[in-house]
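got a sequence here, can you build the structure:
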Amino acid sequence: MRRGRRLCGGGLALLLAAAVPLTVMAATPEFARTEEEWARLRDDVIEYDELEDLIAEYNVTVQTNQLDMAKFKREYGDTKDDISDKYRELADEIYSSVSYPSTDDSTYGYTIASVLTAEVQAKNFEEAADENLEDIEIIYLDYKSAEKTLVTVAQTNMISYESGLLQIRQAELAKKQAELAYSSAQASMATGMTTMVDVLSAQETMLTAQRTITSSQSSIENIRQKLQVMLGWSYDASPEIGAVPSADVSRIAAMDPEADKEAALANNYTLQVNKRKLENAVSPETVETLQRTIADNERQIASSLETSYQSVLTAKLSYDQAAASLELEQRNLRQIAAQYAQGTASSMEYQNQQYTTQSAELSLQIADLSLLQAMETYDWAVNGLASAS
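Purely as a prediction, here's the structure:
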């Protein structure tokens with residue numbers, strides 16, 4: 001069973017700050033998933049392919065939005081007219097409760113100020129009723145957009161976490177190389193071949209590498225806490241974070257911004273909201289404004305999709321370059337290994353090349369994660385989250 005899953009983060013956490021933490025409950029009823037699916041979500045392991053379900057079930061913002069929408073529906077209704085009528089009802093209630101005080105009343109100043117404030121509030125409700133374009137479908141689309149955006153943030157955090165671990169390993173390799181250089185500089189100074197300046201320079205490189213390790217460790221710890229909190233764990237819990245899958249390069253061949261534009265437009269949450277507002281609009285001015293906004297949305301979505309695609313191609317190029325660099329370093333390692341066996345290369349040269357090759361392997365893995373991130377961004381652009389403004 002999941003350990004340490006507590007309500008934490010977001011506005012709800014502020015309300016509960018002084019209370020004993022409560023175990024987070026899933027957002028959907030038990031029958032909504034199979035026992036196997038629930039068991040996987042409730043274990044103490046974060047898997048990349050379950051991020052969307054974890055957000056849907058355990059994210060505090062998503063749960064709060066669902067409660068808010070249900071409350072809004074109960075209090076204001078479903079349609080635009082229901083909501084507008086409720087605003088007018090609230091305005092009428094305020095007007096009916098307003099009572100002007102006598103000028104002779106000792107609290108006249110305070111009371112009249114309260115009355116005027118109430119009337120302003122009532123007028124605001126009347127204006128809201130006249131200008132309202134919202135209905136429950138728009139509220140649902142806004143909340144669903146927020147939920148899916150949180151999924152992208154979780155994916156980015158998990159990718160960044162794994163990339164950060166790889167970068168720490170690279171920094172550790174750099175430190176080992178710096179230690180070799182420092183030892184070599186000390187030995188050379190003893191024979192008069194280098195100066196103290198060279199030794200201090202090598203020492204500073206070694207210390208810089210250690211600072212990089214420490215800084216990177218702090219950074220990924222921050223990412224880890226953000227990731228697990230948004231998935232329903234407390235910040236100080238210790239769920240296992242599974243590996244991020246390798247980028248499936250074959251996905252790129254199926255990407256076509258021109259062909260995918262239709263789906264990107266149909267799925268886009270912002271565009272759906274604005275089209276729904278247009279359906280609800282009455283005044284010619286509002287209709288015209290929304291028509292212009294929608295046309296701009298469509299242009300921006302197409303542009304965003306193309307930009308995301310170009311980012312995929314750039315990430316693929318970086319991946320190919322990292323693969324070529326690794327191949328070169330592996331070839332260099334084989335050559336130096338042979339030279340070392342023959343006694344024509346030093347132990348330090350051999351060790352350095354081993355570290356350089358290992359670092360190139362890590363660079364390829366980091367490039368793979370960057371490619372995955374770019375492909376996920378493109379897919380989300382198609383699936384409703386392309387920037388529309």
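
helix/strand/coil for the residue nearest to residue 339 when sequence neighbours are not counted?
The shortest distance from residue 339 to any residue other than its chain neighbours is 3.6 Å, reached at residue 345 (C-beta to C-beta, 6 or more residues apart in numbering). Using the backbone N, CA and C atoms, a C-beta is placed for each residue, glycine as well. Put simply, residue 345 is coil when judged by DSSP: H, G, I helix; E, B strand; the rest coil.

now swap in residue 302 and tell me
Per three-state DSSP, the secondary structure class of residue 302 is helix.

isn't it right next to residue 264, touching?
Yes. The pair residue 302 and residue 264 passes the contact test of C-beta atoms under 8 Å, sitting 7.5 Å apart.

which of those two has more residues huddled nearby?
Comparing residue 302 with residue 264 by other C-beta atoms under 10 Å, the one with more neighbours is residue 264, at 25 against 17.

for residue 156, what are its contacts?
Counting by C-beta atoms under 8 Å, 6 or more residues apart in numbering, residue 156 touches residue 373.

again, only using 10 Å
223, 227, 373, 376, 377 (C-beta atoms under 10 Å, 6 or more residues apart in numbering).

now residue 252
Contacts of residue 252 (C-beta under 10 Å, 6+ apart): 309, 312, 313, 315, 316, 371, 374, 375, 378.

for residue 146, same thing?
Residue 146 sits next to 59, 61, 62, 65, 269 when contact means C-beta under 10 Å, 6+ apart.

what about the nearest residue to the last one once chain neighbours are set aside, neighbour count?
Excluding the flanking residues, the one nearest residue 269 by C-beta to C-beta, 6+ apart is residue 145, at 3.6 Å. The local packing of residue 145 (other C-beta under 10 Å) involves 17 other residues.

show the subsequent helix or strand relative to the helix or strand containing residue 199.
Assessed by DSSP states H and E, residue 199 sits inside helix 196-230. Once the chain leaves helix 196-230, the next helix or strand it forms, by DSSP H and E, is strand 240-241.

just the buried members of the contacts of residue 146?
For the contacts of residue 146, a burial check counting by 16 or more other C-beta atoms under 10 Å picks out 59, 61, 62, 65, 269.

pick the one among those closest to residue 246.
residue 59 (26.5 Å; C-beta to C-beta).

what does the pLDDT read for that closest one?
Listed pLDDT for residue 59 reads 96.

what's the answer for residue 215, then?
Residue 215 is assigned a pLDDT of 91 by the prediction.

could you count how many residues lie near it?
12.

contact partners for it?
Residue 215 sits in contact with 168, 171, where contact means C-beta under 10 Å, 6+ apart.

so residue 47 sits right up against residue 154, yeah?
No. Counting by C-beta atoms under 10 Å, residue 47 stays clear of residue 154, with 11.4 Å between them.

next up, the contacts around the nearest residue in space to residue 175 that is not next to it in sequence.
Leaving aside its chain neighbours, residue 175 sits nearest to residue 209 (3.7 Å; criterion: C-beta to C-beta, 6+ apart). Contact partners of residue 209, counting by C-beta under 10 Å, 6+ apart, are 170, 171, 172, 173, 174, 175, 176, 177, 178, 179.
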